[in-house]
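K.L.:
Prediction below, plus the sequence it came from.
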Amino acid sequence: MVLITGASSGIGKTTADYLMKKGFHIYGTSRKALGNIEVNEASDALTGGFLRMIPMDVTNEESVDNAINTVIEKEGHIDVLVCNAGAGIAGSVEDVSMEEARTQFDINFFGTLRVIKAVLPLMRDQGYGKIIAVSSVAGVISIPYQAHYSSSKYAVEGLAEALRYEVAPFGIKVCLVEPGDTKTGFTKSRITAQKANRESPYYERFTRSLARMEKDEQNGASPISVARVIYKMIKKKNPPVRTTVGLQYKTILFLKKILPGSILEKVVGLLYN
Ligand SMILES: NC(=O)c1ccc[n+]([C@@H]2O[C@H](COP(=O)([O-])OP(=O)(O)OC[C@H]3O[C@@H](n4cnc5c(N)ncnc54)[C@H](OP(=O)(O)O)[C@@H]3O)[C@@H](O)[C@H]2O)c1
C-alpha cells in the first residue's frame with residue numbers, strides 16, 4: 001500500500017497511475033479531492049491495482065492527520081510514503097516577502113515533515129516502511145530567483161539524510177528522488193513574489209531568468225521518467241540516500257562535486273542571471 005501526496009497532477013499523478021498499473025494499492029492526496037473515496041476511485045482490472053484519492057492539505061496538520069487516519073482505518077498499514085506535494089515561489093531574495101518565504105517552506109519542507117511525522121508511529125509499529133521524498137536538482141544546486149524553493153528542497157535533503165539514521169533500527173528506509181526540469185503543472189502553479197514587479201530593481205533579470213526556467217520546464221522530461229525511478233526505489237531493498245533522475249542531471253551533479261565552485265557559478269550565472 002503506497003500513499004502519495006500531491007497525486008492530482010504531474011509527477012504524483014503519473015506515479016500513482018504507473019504504480020496502479022503495476023498492481024499496487026495507492027492512496028493519493030490532493031487539496032481538491034472529495035471526502036468520499038468511492039467517488040475518487042480508479043482501478044486496473046488486469047493487475048488488481050487501485051488508486052483512491054483522499055483530501056489532504058500538507059500545510060494543515062489536522063488535514064494531514066485526518067488523511068492518515070482514513071488510510072489506517074481502511075488499510076491498517078502503509079508500506080510506502082511518497083512525499084511529493086510541492087510548489088514553487090519565484091522572485092529575488094529581496095523581493096520575496098517573509099510571508100511568501102514562510103509559505104514556500106510550509107508547503108515543501110514543513111508539508112513533507114508533517115506527513116512524515118504522522119506516518120512514522122504506524123511504520124514503527126509495523127516494523128517496516130519506506131519513505132521517498134521528492135526533492136529536486138534545485139535541492140543540490142541553487143539558482144537565482146528561486147532561492148526559497150531551493151532552500152526548501154535543501155532542507156528536505158537535510159531532513160531525509162538525518163531521518164535515515166534515526167529510523168533504520170525500526171526497519172524504516174528513507175531516500176530522496178531528485179528530478180530535474182519536468183513537464184508538469186508546476187510551471188503554471190508557480191507563485192511570483194508580489195514585489196517582483198516593474199518597480200523592482202531586479203525586474204528585467206528576474207523576468208529573463210523566469211522565462212528561461214519556464215521554457216526549460218515545459219521542454220523538460222516527461223513525469224513518467226520520475227515515476228520509473230520512484231518505482232525502482234520502492235522495489236529496491238536498500239535504496240541509496242539520493243537518486244537523481246536523468247543522465248543529464250546526474251552529470252551536472254557529478255560536475256558540481258568535481259569542478260571548482262567558481263566554474264559552476266559562472267555556468268549558472270550565464271544561464272540564469
Ligand atoms: N516539475 C519540475 O520541473 C520539478 C523538478 C524537480 C522537482 N519537482 C518536485 O516534484 C513535486 C511534484 O511537482 P510537479 O512538478 O508534479 O507539480 P504539479 O503538477 O504542480 O503537482 C503538484 C502537486 O502537489 C500538490 N500540492 C501543492 N500544494 C499542496 C498543498 N498545500 N497540500 C497538498 N498538496 C499540494 C498538488 O495537489 P492539489 O493542488 O490538488 O492539492 C499537485 O498534486 C514537487 O515537490 C516539486 O517540487 C518538480
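P.N.:
Yep, that arrived.
K.L.:
okay, now Pro240: neighbour count?
P.N.:
Residues contacting Pro240 under the criterion other CB atoms under 10 Å number 9. C-betas here are computed from N, CA, C, even on glycine.
K.L.:
Which residue lies closest in space to it, excluding its sequence neighbours?
P.N.:
Cys175 (6.5 Å; CB to CB, 6 or more residues apart in numbering).
K.L.:
And stretch 182-191, what's buried?
P.N.:
Thr182, Thr184, Gly185, Phe186, Thr187, Arg190, Ile191 (16 or more other CB atoms under 10 Å).
K.L.:
Intersect those with the contacts of the ligand.
P.N.:
Taking CB under 6 Å from any ligand atom as the test, the ligand is in contact with Thr182, Thr184, Gly185, Phe186 out of the buried residues of stretch 182-191.
K.L.:
which two from those end up farthest apart in space?
P.N.:
Thr182 and Gly185 (10.4 Å; CB to CB).
K.L.:
Identify the contacts common to these two.
P.N.:
Applying CB atoms under 8 Å, 6 or more residues apart in numbering, one finds that Thr182 and Gly185 are jointly contacted by Gly10.
K.L.:
coming back round to it: tell me the contacts of the residue nearest to Pro240?
P.N.:
Lys130, Ile131, Ile132, Ala133, Ala160, Arg164, Met233, Pro239, Pro240, Val241, Arg242, Thr243.
K.L.:
Could you export those residues to a markdown table, including columns for distance to Asp79, pLDDT and secondary structure?
P.N.:
A markdown table is the format used below for the contacts of Cys175 (distance: CB to CB, whole Å; pLDDT from 0 to 100; DSSP: H, G, I helix; E, B strand; the rest coil):
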| residue | distance to Asp79 | pLDDT | secondary structure |
| --- | --- | --- | --- |
| Lys130 | 7 | 98 | strand |
| Ile131 | 11 | 99 | strand |
| Ile132 | 11 | 99 | strand |
| Ala133 | 16 | 98 | strand |
| Ala160 | 18 | 98 | helix |
| Arg164 | 17 | 98 | helix |
| Met233 | 13 | 98 | helix |
| Pro239 | 14 | 98 | coil |
| Pro240 | 19 | 98 | coil |
| Val241 | 20 | 98 | coil |
| Arg242 | 21 | 98 | strand |
| Thr243 | 19 | 98 | strand |
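K.L.:
Separate out the buried members of the residues you listed.
P.N.:
For the contacts of Cys175, buried by 16+ other CB under 10 Å: Lys130, Ile131, Ile132, Ala133, Ala160, Arg164, Met233, Pro239, Arg242, Thr243.
K.L.:
restrict those residues to contacts with the ligand.
P.N.:
Checking the buried ones among the contacts of Cys175 against the ligand (CB under 6 Å from any ligand atom), there are no matches.
K.L.:
Name the nearest of these relative to the ligand.
P.N.:
Ala133 (8.7 Å; CB to the nearest ligand atom).
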